[in-house]
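Engineer: quick one, what's the 3D model for this:
(one chain, ligands or ions: 2)
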Amino acid sequence: MKTQAHQFLKHFFEEEHKDPVDFHNRCSEVAAEIEATGTYSLTYEELNYGAKLAWRNSNKCIGRLFWKTMHVRDCRHIQQSEEIADALIDHIRYATNQGKIKPTITVFHPSVRIWNHQLIRYAGYQVGETIIGDSDSLAFTQQCERLGWEGKGTPFDVLPLIFQVGDEEPVIVRIPPDVVLEVQLSHPEVPAFTDLSLKWYAVPIISSMKLEIGGIEFPAAPFNGWYMGTEIGARNLADEHRYNQLPAVADLLQLNQKSASSLWKDRALVELNVAVLHSFREQGVSIVDHHTAAIQFKQFEEQESKKGRDVTGTWSWLIPPMSPATTHVFHKPYDNTKKSPAFLYQPNPY
Ligand code: HEM
Ligand SMILES: N=C(Nc1cccc(CNC[C@@H]2CCCN2)c1)c1cccs1
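Structural biologist: Ligands and ions are numbered 1, 2, ... in the order given. Take a look at the predicted model:
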């Protein structure tokens, strides 16, 4: 802990060009606190900077150019369930910002754990052989039902929040529908596209990862950015084991699905992604296409190298799932070294 704390403080004071005397004093203060209590507490400034660094260090993230602009909400003092529920719903409201999405993170006390993968996600139901809704949510939806939640059984039922303080009973909270912004999907050139009755939620808020700063761990630190269109159009709605919409889109476009070589899947994929980007933009919700995102990532790489910092990355996650070779990312290797502060995986609490 002591070495992790020292490493973090060294980075913090150096990068923020702080007085070395203050650095020395802060180190002694932290060392004394660790000696006395086994841990130490980060100042708000250290938490704010540490959370931004964790984003900057996220090897799988193509969106890192904007790492300095993140809003950091310090909720480490909250331990009452009602207040945690309010803080989570406030995060959704604040980050959504009527569609002009604000990259935001809310950091809770280390004893808090959120069971959701994302604060907003659709339920998944096993009905005989078929799955209704998001198959990624099957297990979590069962936990919600076990705790008394009942969905309507539609493909787009927004799941409730489940969180836990220490080893108290988990708390389940419905999200007020007016807080959840959703985008109905339409296509700029195919009017019949709306017959598919497709939609997706506006704001992805990851709530299952642990934030680690200077050796201090925060299992509950939900963070959001905006979507890259391919996440919705090339994976969530396209994967066969997810919403599997490519055949339906191909029917609409009257493509020849009998032969793979007609590239009907590729044509359906492009039009589905065109619809996602068109619909988000038309409804004033922030989103980025994978080409623009790659250009922004290139700017991030250049900015970091100007600052004398190496950019680390996970190639297989940085390339977009659609037309990857049309981006510069595909054509270069990335060093996958893990840095700290970081966002880490942690086992499911259920
Ligand atoms: C601002 C707009 C942002 C965009 C467009 C963006 C884009 C992405 C995309 C496309 C992925 C891959 C996701 C997948 O394939 O499932 C990703 C991964 C990731 N992003 Fe970003 N991101 C943004 C902001 C953020 C923020 C604010 C944070 C944290 C503060 C963040 C942290 C991460 C992490 C930790 C991963 C890896 C997740 C995992 O390992 O499952 N990103 N990002
Ligand atoms: N645009 C986003 N997408 C994103 C980022 C991190 C993680 C995820 C979810 N990834 C898990 C899925 C499911 C398996 C592989 N991908 C999405 C953001 C979410 C939160 C901040 S940015």
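Engineer: so which bits of the stretch 101-250 of the chain are right by ligand 2?
Structural biologist: Pro204, Ile206, Phe223, Asn224, Gly225, Tyr227, Met228, Glu231 (Cβ under 6 Å from any ligand atom). (Each C-beta comes from the backbone N, C-alpha and C, glycine too.)
Engineer: can you pull the contacts of the second one?
Structural biologist: It stands for Ile206. Shown in contact with Ile206 (Cβ atoms under 8 Å, 6 or more residues apart in numbering): His117, Gln118, Pro222, Phe223, Asn224, Phe343.
Engineer: secondary structure and pLDDT added to the residues you listed, as TSV?
Structural biologist: Shown next, in TSV, are the contacts of Ile206 (DSSP: H, G, I helix; E, B strand; the rest coil; pLDDT from 0 to 100):
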residue	secondary structure	pLDDT
His117	coil	98
Gln118	strand	99
Pro222	coil	99
Phe223	strand	99
Asn224	strand	99
Phe343	strand	99
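Engineer: among those residues, which are in reach of ligand 1?
Structural biologist: Okay, of the contacts of Ile206 touching ligand 1 (Cβ under 6 Å from any ligand atom), that's Phe223, Phe343.
Engineer: redo the contacts of Ile206 as a markdown table? Include neighbour count.
Structural biologist: Output for the contacts of Ile206, formatted as a markdown table (neighbours: other Cβ atoms under 10 Å):
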| residue | neighbour count |
| --- | --- |
| His117 | 17 |
| Gln118 | 20 |
| Pro222 | 27 |
| Phe223 | 24 |
| Asn224 | 27 |
| Phe343 | 22 |
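Engineer: follow-up on the earlier one: can I get the residues of the stretch 101-250 of the chain next to ligand 2 in JSON lines with distance to Glu304 and secondary structure?
Structural biologist: Putting these into JSON lines (distance: Cβ to Cβ, whole Å; DSSP: H, G, I helix; E, B strand; the rest coil) gives the following:
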{"residue": "Pro204", "distance to Glu304": "24", "secondary structure": "coil"}
{"residue": "Ile206", "distance to Glu304": "23", "secondary structure": "strand"}
{"residue": "Phe223", "distance to Glu304": "20", "secondary structure": "strand"}
{"residue": "Asn224", "distance to Glu304": "23", "secondary structure": "strand"}
{"residue": "Gly225", "distance to Glu304": "18", "secondary structure": "coil"}
{"residue": "Tyr227", "distance to Glu304": "24", "secondary structure": "strand"}
{"residue": "Met228", "distance to Glu304": "20", "secondary structure": "strand"}
{"residue": "Glu231", "distance to Glu304": "24", "secondary structure": "helix"}
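Engineer: closest to ligand 1 out of those?
Structural biologist: Each of these was checked against ligand 1 using Cβ to the nearest ligand atom; the closest is Gly225, at 2.5 Å.
Engineer: how many residues are close by that closest one?
Structural biologist: 23 (other Cβ atoms under 10 Å).
Engineer: quick check: phi and psi on it?
Structural biologist: Dihedral angles phi and psi of Gly225 (degrees, to the nearest 10) take the values phi -130, psi -140.
Engineer: wait, it sits on Arg64?
Structural biologist: No. Using Cβ atoms under 8 Å, Gly225 is not in contact with Arg64; the gap is 9.7 Å.
Engineer: quick check: closest non-adjacent residue to Tyr334.
Structural biologist: Gly313 (3.4 Å; Cβ to Cβ, 6 or more residues apart in numbering).
Engineer: the one you found touches Lys339, doesn't it?
Structural biologist: No. The criterion here is Cβ under 8 Å, and Gly313 misses it with Lys339 at 11.1 Å.
Engineer: neighbour count: the two, which is higher?
Structural biologist: A count of neighbours by other Cβ under 10 Å puts Gly313 above the other of Gly313 and Lys339, at 24 against 15.
Engineer: just to revisit the earlier point, enumerate every residue touching the residue nearest to Tyr334.
Structural biologist: Gly313 touches Asn59, Lys60, Tyr334, Asp335, Asn336, counting by Cβ under 8 Å, 6+ apart.
Engineer: any of those residues buried? List them.
Structural biologist: Asn59, Tyr334 (16 or more other Cβ atoms under 10 Å).
Engineer: and the contacts of Gly313, which two are furthest apart?
Structural biologist: Lys60 and Asp335 (13.3 Å; Cβ to Cβ).
Engineer: and what about Val285, helix, strand or coil?
Structural biologist: Judged by DSSP: H, G, I helix; E, B strand; the rest coil, the three-state class of Val285 is coil.
Engineer: what sits against it?
Structural biologist: Gly99, Ile101, Leu181, Val183, Ala202, Trp226.
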